[in-house]
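Peer 1: 3D model of this:
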Amino acid sequence: MTTLIEAPPTDADGLLPSKKKSSGGGLGQYILIRFLLIFPTIFILVTLVFFLMRITGDPITAAMGGRLPPEQLAERIAAAGYDRPILVQYFEYLGHLLTGNFGTTLSDNRQVTEMLTTYGSATLELTINALLVALLVGIPLGMIAAYRRDHAPDAVLRVFAIVCYGTPVFFAGMLLKLTFAVWLGWLPVAGRAKTSSELELTSLQSPTGIYWLDAIRSGNMAALGDVMAHAVLPAVALGLLTAGIFLRLVRTNVIGTLGRDYVEAGRSRGVSEFRLVTKHAYKPALIPIITVMGLQIAVMLGGAVLTETTFEWKGLGFQLATYLTARDFVAVQGIVVLLAVIVAVTNFIVDIVAALIDPRVRY
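Peer 2: Numbering: from 1, shown residues only. The predicted model follows:
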C-alpha cells in the first residue's frame, strides 16, 4: 500500500512560507551589522594611531626637542600631562574624542577641530573631483575595451590601465604640470583658485568650503571658471590612479556578462554586439565598481597627501605633510583619525548601496 505524503503548502509565488519569512529581514540585519562594525573599526584605528605616535616619545619632545632648554621642556611636558602613564593618557584621549575635542596643535597653537573643518572641505572637493574623473574615464574605456576585446584598442587600453595604476601620483602630477601649465600654459600651476576668487568665495554667508559649490550657489560664473581651471590637473593626477582599476573591472565583468545565456539569446536573435554591450552587459558590470569604490576612496585620501603637496592644494593632505615636518603629532593624530572615520563611513555607505542594487551581497 502506497502512502501519499502531502506537499507542504506554498504561497502565491510558489515559495515555502518559512523560506520567504527567513529572507524577509535580510537587508535590515545586514545594514545593522555593517553599521555596528563602524565603531570597532574606528576604535582599532584610533588605538593604533595613538600608540604608534607615542613610540617616538611624547609630542612635546618630538616637536620642541632641541629648541628649548631641558627645564622648559620638562615644564611643558608636565603642563600638558605627557609625563603620566601611557594608559592614563590613552583613556583621557578617548574621553576627549567622544566630546569632539581633538586637542591643540603644537606648532601653531590652534584647535585641531578648527583646522580639520577649515582644510577638510578642500580634501573633500579634491576627492569628489578625482572620483568623477575616474568614473568618466574608467567606465567608458572599459566598455570600449570589452567591445573590442582581443583587438588593438583592447590591448592599448589594457596597457593604459596598467600605466595609470602603476604611475606614482606625484610623478603624474609633475608631468601634467610640466606639460599643461609650463609648456602649453593652458592651466594654472598650483593652488585652488586665484586670490581674488578665494576672497570672494570665503566671504560668502555660510560657505561650504567646496569652491565650485560655493561659486554655483552665489552665481559667480567667473569664480567658477577659475576654480574649475585650478581643479583639472590635481583631479586628473589623482583620478587616473583609480580610473585604471575601474577600466579593468568593467572590461572583465562586461566580457563575463557577454557569455551569459540571456546575452547569447539576444545575439541569436540578431541583436548587434554594440547594443548588447551598451544596453545589457554594462549594468551588471557596474556592481563591482560600487563594491570597490569604498576602498578606492581610501586610496584617494592617501594619494591626496602627495597630490595636494605637488599642487599646493591647501587641504588635509597638504597640512599633514606640513605637520609631519614640524613633528606636530597632535595635529597628525587628529588628521589621521578624521581620515579613518571618513573611510569607515564611506565603506558603510558603499556596502548599503551595493546591497540595494544586488541582493546577493546581503547573504
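
Peer 1: Which helix or strand contains the residue nearest the centre of the chain?
Peer 2: Against the mean C-alpha coordinate of the chain, by Cα atoms, centre = their mean, the closest residue is Ile297 at 1.7 Å. Assigned by DSSP states H and E, Ile297 belongs to helix 282-311.

Peer 1: give me phi/psi at Ala193?
Peer 2: Main-chain dihedrals, Ala193, degrees, to the nearest 10: phi -170, psi 170.

Peer 1: In which helix or strand does Asp214 reside?
Peer 2: helix 211-218.

Peer 1: List the buried residues for the helix holding Ile297?
Peer 2: Of the residues in helix 282-311, 282, 285-294, 296-301, 303-311 count as buried by neighbour count, 16 or more other Cβ atoms under 10 Å. Any C-beta I mention is one placed from the backbone N, CA and C, and that applies to glycine too.

Peer 1: Could you do stretch 178-192 as well?
Peer 2: In stretch 178-192, counting by 16+ other Cβ under 10 Å, buried: 180-181, 187-188, 190-192.

Peer 1: hang on, the earlier thing: nearest residue to the residue nearest to the centre of the chain other than its sequence neighbours?
Peer 2: The shortest distance from Ile297 to any non-neighbouring residue, by Cβ to Cβ, 6 or more residues apart in numbering, is to Thr346 (4.6 Å).

Peer 1: cool, and Arg76?
Peer 2: Ile60 (5.0 Å).

Peer 1: how deep is the one you found tucked in, by neighbour count?
Peer 2: Using other Cβ atoms under 10 Å, the number of residues around Ile60 comes to 22.

Peer 1: Run through the neighbouring helices and strands of the host helix or strand of it.
Peer 2: Secondary structure assignment for Ile60, by DSSP H and E: helix 59-64. On a contact count with 3 or more Cβ pairs under 8 Å, 6 or more residues apart in numbering; DSSP states H and E, helix 59-64 meets helix 70-80, helix 329-357.

Peer 1: ok now the longest one, how far from the chain's centre?
Peer 2: Between the mean C-alpha location of helix 329-357 and the chain-wide mean there is a distance of 8 Å, by Cα atoms, centre = their mean, to the nearest Å.

Peer 1: List the buried residues in it.
Peer 2: For helix 329-357, by 16+ other Cβ under 10 Å, it's 329-340, 342-348, 350-355.

Peer 1: Please apply the same query to the shortest one.
Peer 2: Counting neighbours by 16+ other Cβ under 10 Å, one finds that the buried residues in helix 70-80 are 73, 76-77, 80.

Peer 1: With distance to Leu116 and pLDDT as added columns, please give these in JSON lines.
Peer 2: Formatted as JSON lines, the buried residues of helix 70-80 follow (distance: Cβ to Cβ, whole Å; pLDDT from 0 to 100):
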{"residue": "Leu73", "distance to Leu116": "28", "pLDDT": "79"}
{"residue": "Arg76", "distance to Leu116": "24", "pLDDT": "80"}
{"residue": "Ile77", "distance to Leu116": "25", "pLDDT": "80"}
{"residue": "Ala80", "distance to Leu116": "20", "pLDDT": "75"}
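
Peer 1: export the residues you listed to TSV and tack on distance to Ala231?
Peer 2: As requested, the buried residues of helix 70-80 are exported to TSV (distance: Cβ to Cβ, whole Å):
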residue	distance to Ala231
Leu73	43
Arg76	41
Ile77	43
Ala80	39
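
Peer 1: List just the nearest of these to Thr202.
Peer 2: The nearest member of those to Thr202, counting by Cβ to Cβ, is Ala80 at 32.6 Å.

Peer 1: show me the contacts for the closest residue to that closest one other than its chain neighbours.
Peer 2: Ranked by Cβ to Cβ, 6+ apart and with sequence neighbours excluded, the top spatial neighbour of Ala80 is Ile60, at 5.8 Å. Ile60 makes contact with 73, 76-77, 80, 82, 106 under the criterion Cβ atoms under 8 Å, 6 or more residues apart in numbering.
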